[in-house]
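Student: Turn this into a structure:
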Amino acid sequence: MAASEVSLTGNPPLRPYLIAHAIAVIVMMAGLLIEGRVFFCGCGSWVPWVFDVDSPHCSQHMFDAYTASHVLHGVVFYGAFWLLRGKIGGAWRLWGCVVLEAAWEILENSAFVIDRYRTGTIALGYEGDSITNSLCDLASCVGGYLLAEQLPWKWSLAFLLGVELVMLAWIRDSLFLNVVMLVYPLEVIKQWQLGGGG
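Tutor: Residues are numbered from 1 along each chain as shown. Predicted structure coming up:
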């Protein structure tokens with residue numbers, strides 16, 4: 001095998017590259033199965049989206065209001081990996097995005113994080129994601145990454161801020177608040193999100 005084929009800075013051969021992506025997705029799905037995630041919502045309805053964040057069906061169908069935050073994951077990951085552009089080629093940076101999002105989906109659906117969401121955030125009835133929802137979250141992240149790859153950084157930043165503002169107005173939550181409330185819950189933010197502070 002030529003040195004360029006194993007270099008992180010070069011373009012990888014297509015087949016091993018696709019296999020690397022498939023492995024990341026399979027590991028994610030296996031992790032979710034081990035955690036007891038169902039494939040799809042057990043409600044019997046195959047509607048692809050549920051946008052009511054208070055619904056028990058949220059995170060059980062293909063798309064929900066938080067899909068937008070997963071798109072922003074991709075935008076943020078693109079920015080982070082862009083800083084490594086001299087050391088890691090574009091194809092492998094995208095793969096890194098897939099690995100990070102897949103790892104987050106496994107962590108997000110762990111008992112610890114689910115309990116953290118229930119006690120520290122407004123997601124009081126959160127039961128974790130279905131496998132289908134996690135796959136669509138991963139696809140949304142990749143979509144955000146590819147979008148950021150095409151946009152000048154100022155437009156990517158404007159897109160990120162715009163989506164955050166829309167989410168704040170729509171569901172009183174956003175990627176930024178989600179991170180804050182997961183890491184260091186603030187009662188004043190929780191009360192505002194519940195409708196008591198604004």
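
Student: lowest-confidence helix or strand of the chain?
Tutor: Least confident element among the helices and strands of the chain, by mean pLDDT, DSSP states H and E: helix 3-6 (a mean of 42).

Student: Give the next helix or strand downstream of it.
Tutor: Of the helices and strands lying after helix 3-6 in sequence (DSSP states H and E), the nearest is helix 14-34.

Student: Show me what whichever helix or strand comes after that following helix is in contact with.
Tutor: With elements assigned by DSSP H and E, the helix or strand that comes after helix 14-34 is strand 49-50. Under the contact criterion CB atoms under 8 Å, 6 or more residues apart in numbering, strand 49-50 has outside partners 41, 57, 58, 60, 61, 62, 63, 64. C-beta coordinates here come from the backbone N, C-alpha and C atoms, glycine included.

Student: need those in a markdown table with neighbour count and secondary structure, can you?
Tutor: Converted to a markdown table, the contacts of strand 49-50 look like this (neighbours: other CB atoms under 10 Å; DSSP: H, G, I helix; E, B strand; the rest coil):
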| residue | neighbour count | secondary structure |
| --- | --- | --- |
| 41 | 21 | coil |
| 57 | 17 | coil |
| 58 | 22 | coil |
| 60 | 22 | coil |
| 61 | 22 | coil |
| 62 | 20 | coil |
| 63 | 20 | strand |
| 64 | 24 | strand |
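
Student: center of the chain, which residue is that?
Tutor: residue 70 (3.5 Å; CA atoms, centre = their mean).

Student: That one is in what secondary structure piece?
Tutor: Here residue 70 sits within helix 67-82, counting by DSSP H and E.

Student: same for that helix, what does it pack against?
Tutor: helix 90-108, helix 131-150, helix 153-171, helix 175-183 (3 or more CB pairs under 8 Å, 6 or more residues apart in numbering; DSSP states H and E).

Student: outside of that helix, which residues touch it?
Tutor: Helix 67-82 has contacts (CB under 8 Å, 6+ apart) with 88, 93, 96-97, 100-101, 104, 136-138, 140-149, 153, 156, 159-160, 163-164, 166-167, 174-175, 178.

Student: Please repeat the previous calculation with a cut-off of 7 Å.
Tutor: Residues from elsewhere that reach helix 67-82, judged by CB atoms under 7 Å, 6 or more residues apart in numbering: 88, 93, 96-97, 100-101, 136-137, 140-145, 147-149, 156, 159-160, 163, 167, 174-175, 178.

Student: For it, buried residues please.
Tutor: By neighbour count on 16 or more other CB atoms under 10 Å, the buried set for helix 67-82 is 67-78, 81.

Student: likewise stretch 95-112?
Tutor: If you call a residue buried by 16+ other CB under 10 Å, then stretch 95-112 has these buried ones: 95-102, 104-106, 108-109.

Student: Check stretch 114-125 too.
Tutor: Of the residues in stretch 114-125, 114, 116, 117, 120, 121, 122, 123 count as buried by neighbour count, 16+ other CB under 10 Å.

Student: returning to what we had before: between the contacts of strand 49-50, which is nearest residue 27?
Tutor: Within the contacts of strand 49-50, proximity to residue 27 (CB to CB) peaks at residue 62, which comes in at 20.9 Å.
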